[in-house]
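Undergrad: got a predicted structure here, sequence first:
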Amino acid sequence: MTSAIASPRPTLLGRLQAFFYDVEHPYALAGIRMVLPWVLMVAVLPRWPVVRELYSTDGVPTPLWDSYGHLDLLPILPPWLAVAAYTLLILLMVGVSLGCYTRFSLVGMLVLYGYFGTIDCVSTTTKYTVVAVHLLLLLTLSRCGDVWSIDAWRMRAAGEAAPRSPAWPRRLIQLFLGIMYLGAAITKLKAEGYFTGDHLTYWMLTDANFPNPLGDYMSMFPVTVVVASYTTFLWEILFLFLAWRGTGRLICCGLGIFFHAMTLLTLGLVVFPMISITIYLSFLSEAEARTCGETLTWPLRRLANRWSSVSASGLAAFRTWGTHPVWFPAGGLLVMAVILCGAVQLEWQLDVYGERRSEGPYALTPVAPERARELLRNDVAVAAADKLFAFDVGTTLMGGVLADRRATFRDGETAVLQASLVPPHEDMWVEYVLHDSEGQLLELEGQVVTREELRSHFFYQLELPPGEYRFGLRLAGQLVGSRTVTVQPGDSSRGDVVHRSQAGPQVLSKR
Amino acid sequence: MKRWLSHAIIAGYLSILGYGIACHALGYKSAQHMGMYFIVWDMYYGWRGHEVRQHILAEGVSGQLYELTPPPWGEFHPFGSIGRQNYDSGNVFTERFALNTLRHTAHEPIGRILLVEEAWNKKFNLPEELWAQRYEEPRDFRSYYYLRSVYDPTGACMLKHFSWSENLAQRAVLDNPRLRQDMVKNQPFLTPDRIGRGTDRVQPAAYFMPNDATSVER
C-alpha cells in the first residue's frame, strides 16, 4: 500500500522567487517592444516638422524642469542638432520595433524620448510620456530582443538558440501598471467632483483633447458618468491585487481594455489608451504570447516562405549581408547618417518660420479695433445664465444627480428639480418657480446654495390638475432656465389646485 | 545579469514607485522636484467648469494691437484643434511664445505684450443637435475676456493676475466687508506667482485684484 506524499507548501520566499525568476522566452515583452514604438510614433511623427519650434533654441521650448524651478537643468539644442537628434529618435524607434541591436536602440530611444518628452511640458509632456519612459527603462533591462527580432534571426543564422531569461522585467511592468492605477485611484479620491460625475462630465465637454463625440453625448446622462466613476475607481483599486491569474486576470484586463477604449471615445485621449493596452501584453503567459504572435504573423510568414522559395539566391545574399559582423552594422550606420543629413537639409528647406520667403518674413496680423475692444474688455463678472450648467426635472436621484429627466408626470408624483451650477461660483440664492399654461405664477420657493455646492435640489409634490406647466429657475432674480412638464391624471386627481412642496433644510418661502 | 544586481533593481524600482504612491496619498512633497512627476500619478487632478483660451497680443508703440497667437506661419495643434499656448494654464511660458513670434516676424517697435484669457461655459461646447435635446432655452453663446498678465518688450513681467477661474473664486470669498476690513487692517502683501493646479483655491491674505471693469450682465 502506498500513500501519496504531499509536496511541501511553498514558502513566501519561494513563491516570490518563482514569481520573479521563473525562466521564459520573452514573447510578451517582445510584443510590447514591437508595438510600443508605433504607438508613440502617433505623437512623435507629427512633431517632426515643428522640431525647430518645439525643441530648439530657435523656438519655444518649455522644459518641464523650468516649471519645477530647476532652471537650465539640461541644454537646449541648436536647431540643426535638434532635428538630427529627433530624426535619430525616429530611426531608433524603428530599430526597437524591428529588434535590431535591440538594447543599444532601447537605450538610445530611452534617452532621446525622455529628453524630447520633457523639453516641452506644454504640448509634449503628458503622463503617457512618463509611462513610456518607465516601459523603455524596463524593456532595456530585459531580453526582449531575443525573440521576434532581427537580432534573433542573426542569432539563429549563427547557430545560437534564443535563451530563456528570468521573468522579473515582465513582472515589474505588470506591477508598474497596477501601481499606476492605484495612484490614479488616489488622485480620484482627492479630486473634488469626481464621484458626482462633474469632473468627468466637464472633461468630456472640453475641446482641449482630440474629438470625442461619444463624450458629448454621454455628458447628457450624468448618472451613467456617476456609475462609470465608481466602477473605474473600484477597478483601479483592485487591479493590482486581482489581475494575476484566472478569472481575475480576465475581468481586470478586459475591463481595462474597455476603460481605455472608452477614454478614447469619450475623452479624446489617443496615445495614453494605446500605451496602456500595449502594457496588457505583459499579462500574457509565454505560451499565450507565442500563440498570439504566430497567429497574427501567419500572413507575413507565408509571404516570407513564398519569397524564399522563389528567390533562393536573394535570400542567401540577404543572409550573408545581414549576419556579417562588419557589413551589417556599418551599412546601417551609413544609412542612418545619410538619413540624418537629409533630414537636417529637408527641415532647412521647409523654412518653418517663412523667413527666407521671397516676400521676406511674415508680418504680424493687426487686430481690428472692434476686436481689440472686445479682447481688452476685462470682464470680471459672470452673467447669471452662465453660472448655470443645466436645469433638469425628474423623479429619482442617484449619486446626487438626476437619474431620469422627464417631461411627463402623474398627479401625486414628487418631482425633483435640479440646478447644476458651474464652478467656481459665489454663495447664491436660487429660486424655483412654477407657472401654469397661461403663465400664472403658482409657486415660488428659494434656497441658499453655498460656493462649495455644485448642485441644488428641490422636491415638489405634484398635486395639480392635468395640463401643461412650466418650472423655472431664477438666479439673482433672473430666469435662467425652464422646463415644460405635462401632468397627467393620477390615482388621486383633484379638481382644486392644492399643492405641497418639500425642499432641503435651507428653504425660505417667498410669496 | 548577476542575481544580486537584479534583486537590487527589483527592490529599488518597487521602492521608488511605492514612495511615489505614499507621497501622493499623504500629500508629502509630491511636487518638490521634477523626479516626482515620474512617480506621482495625478492624471488630470485639476479641472475647470469653463473652457479657456489664451490670446497673446502685442501692442505697438503706435497703439495698434497685433496677434502673436496664432503666429503668422501657422499654428501647431498638439492635441486636437487648439494652439500650444492654451495648454500653458499656469501662464509660465507666455513671454517665450510672444518673443518667438516677434523674433521671426517683421513689425514696428513693441510697447508691451498682453495675455488675455477668453473663457466660456463648457455647456456651449455641445453641438447644436445635442443642445436642442438638452436644453429648452436657445443657445446664447457668450465668452468673457480677462487681462491676465502684461510684459514689457523684453518679456519681463510687469503685471500678473490670477487665472479667470481663480479670480472668480477670490471674488466670491472677498465679497465680505468684514473680511476686507481685516485684510486692510493688517496690510500684508503677497504676489502669488505659482503654478496653479487647483481652480478655486482660496488665496491667503491681501493681494492686488484686477481693476473692476464693466460687468457683462445683459
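TA: Nice, I can see it.
Undergrad: so the residue of chain B found nearest chain A, which state does it fall into?
TA: Chain A sits closest to B:Trp41 of chain B, with a gap of 2.8 Å, by CB to the nearest CB. (C-beta placed from N, C-alpha, C; glycine too.) Assigned state for B:Trp41: coil (three-state reduction, DSSP: H, G, I helix; E, B strand; the rest coil).
Undergrad: how much space separates it from B:Ala8?
TA: Counting by CB to CB, to the nearest Å, the separation of B:Trp41 from B:Ala8 is 24 Å.
Undergrad: who has more neighbours, the two?
TA: The residue with more neighbours, out of B:Trp41 and B:Ala8, is B:Trp41; 23 against 11, by other CB atoms under 10 Å in any protein chain shown.
Undergrad: show me the contacts for the residue of chain B closest to chain A.
TA: By CB atoms under 8 Å, 6 or more residues apart in numbering or on different chains, the residues touching B:Trp41 are A:Lys127, A:Ile179, A:Met180, A:Leu182, A:Gly183, A:Ala184, A:Ile186, A:Thr187, B:Gly20, B:Ile21, B:His24.
Undergrad: can you redo those residues as CSV with neighbour count, secondary structure and pLDDT?
TA: CSV is the format used below for these (neighbours: other CB atoms under 10 Å in any protein chain shown; DSSP: H, G, I helix; E, B strand; the rest coil; pLDDT from 0 to 100):
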residue, neighbour count, secondary structure, pLDDT
A:Lys127, 19, helix, 94
A:Ile179, 19, helix, 97
A:Met180, 25, helix, 97
A:Leu182, 22, helix, 96
A:Gly183, 23, helix, 96
A:Ala184, 20, helix, 95
A:Ile186, 20, helix, 95
A:Thr187, 19, helix, 94
B:Gly20, 21, helix, 96
B:Ile21, 17, helix, 96
B:His24, 23, helix, 95
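Undergrad: quick check on the residue nearest in space to the middle of chain B: phi, psi?
TA: Taking CA atoms, centre = their mean, the centroid of chain B lies closest to B:Ser89, which sits 2.4 Å from it. Dihedral pair for B:Ser89: phi -70, psi -20, per degrees, to the nearest 10.
Undergrad: what's the answer for B:His55, then?
TA: phi -110, psi 120.
Undergrad: what's the local residue count around it?
TA: Around B:His55 there are 21 other residues, counting by other CB under 10 Å.
Undergrad: now swap in B:Ile82 and tell me
TA: Other residues lying near B:Ile82 total 19 when counted by other CB under 10 Å.
Undergrad: just the buried positions in stretch A:477-494, please.
TA: By neighbour count with 16 or more other CB atoms under 10 Å in any protein chain shown, stretch A:477-494 contains the buried residues A:Val480, A:Gly481, A:Ser482, A:Arg483, A:Val485, A:Val487, A:Gly490.
Undergrad: ugh, typo on my part, it should be stretch A:403-416
TA: A:Ala403, A:Arg405, A:Arg406, A:Phe409, A:Arg410, A:Asp411, A:Gly412, A:Glu413, A:Ala415, A:Val416.
Undergrad: can you pick out the most distant pair from these?
TA: Spanning the widest gap among the buried residues of stretch A:403-416 are A:Ala403 and A:Asp411, at 21.6 Å by CB to CB.
Undergrad: grab the nearest non-local neighbour of whichever residue of the stretch 101-250 of chain A sits closest to chain B.
TA: Ranking the residues of the stretch 101-250 of chain A by distance to chain B (CB to the nearest CB) places A:Gly183 first, at 2.8 Å. Spatially, and ignoring its direct neighbours in sequence, A:Gly183 is nearest to B:Trp41 (2.8 Å; CB to CB, 6 or more residues apart in numbering or on different chains).
Undergrad: can you check B:Trp131 too?
TA: Counting by CB to CB, 6+ apart, the residue nearest B:Trp131 is B:Arg139, at 5.3 Å.
Undergrad: correct me, but that neighbour touches B:Leu130?
TA: No. Counting by CB atoms under 8 Å, B:Arg139 stays clear of B:Leu130, with 10.7 Å between them.
Undergrad: among these two, which residue is more densely surrounded?
TA: Taking neighbours as other CB under 10 Å, B:Arg139 and B:Leu130 compare with B:Leu130 leading, 15 against 11.
Undergrad: pretty sure that one is in a strand, no?
TA: No. Counting by three-state DSSP, B:Leu130 is not part of a strand but helix.
Undergrad: so what's it scoring on pLDDT?
TA: If you check B:Leu130, the pLDDT there is 93.
Undergrad: again, but for A:Phe104
TA: 96.
Undergrad: try A:Pro211
TA: As predicted, A:Pro211 sits at a pLDDT of 89.
Undergrad: with adjacent residues omitted, what lies nearest to it?
TA: On the basis of CB to CB, 6+ apart, the spatially nearest residue to A:Pro211 that is not a chain neighbour turns out to be A:Gly268, at 6.0 Å.
Undergrad: phi and psi next, for the nearest residue to A:Thr365 once chain neighbours are set aside.
TA: Ranked by CB to CB, 6+ apart and with sequence neighbours excluded, the top spatial neighbour of A:Thr365 is B:Glu67, at 4.5 Å. Backbone torsions for B:Glu67, taken as degrees, to the nearest 10, come to phi -80, psi 130.
Undergrad: across the sheet, point out what pairs with B:Glu67.
TA: Counting by DSSP bridges, B:Glu67 forms beta bridges with A:Thr365, B:Leu57.
Undergrad: pretty sure it contacts B:Leu57?
TA: Yes. B:Glu67 lies in contact with B:Leu57 (CB under 8 Å); the separation is 6.4 Å.
Undergrad: about what we covered before: among the buried residues of stretch A:477-494, which one has the lowest pLDDT?
TA: The lowest pLDDT within the buried residues of stretch A:477-494 belongs to A:Gly490, which sits at 80.
Undergrad: now do the contacts for that one.
TA: Counting by CB under 8 Å, 6+ apart, A:Gly490 makes contact with A:Arg410, A:Asp411, A:Gly412, A:Glu413.
Undergrad: now A:Ser142
TA: A:Pro26, A:Leu29, A:Ser165, A:Pro169, A:Arg170.
Undergrad: what do you get for B:His33?
TA: By CB under 8 Å, 6+ apart, the contact list for B:His33 reads A:Tyr68, A:His70.
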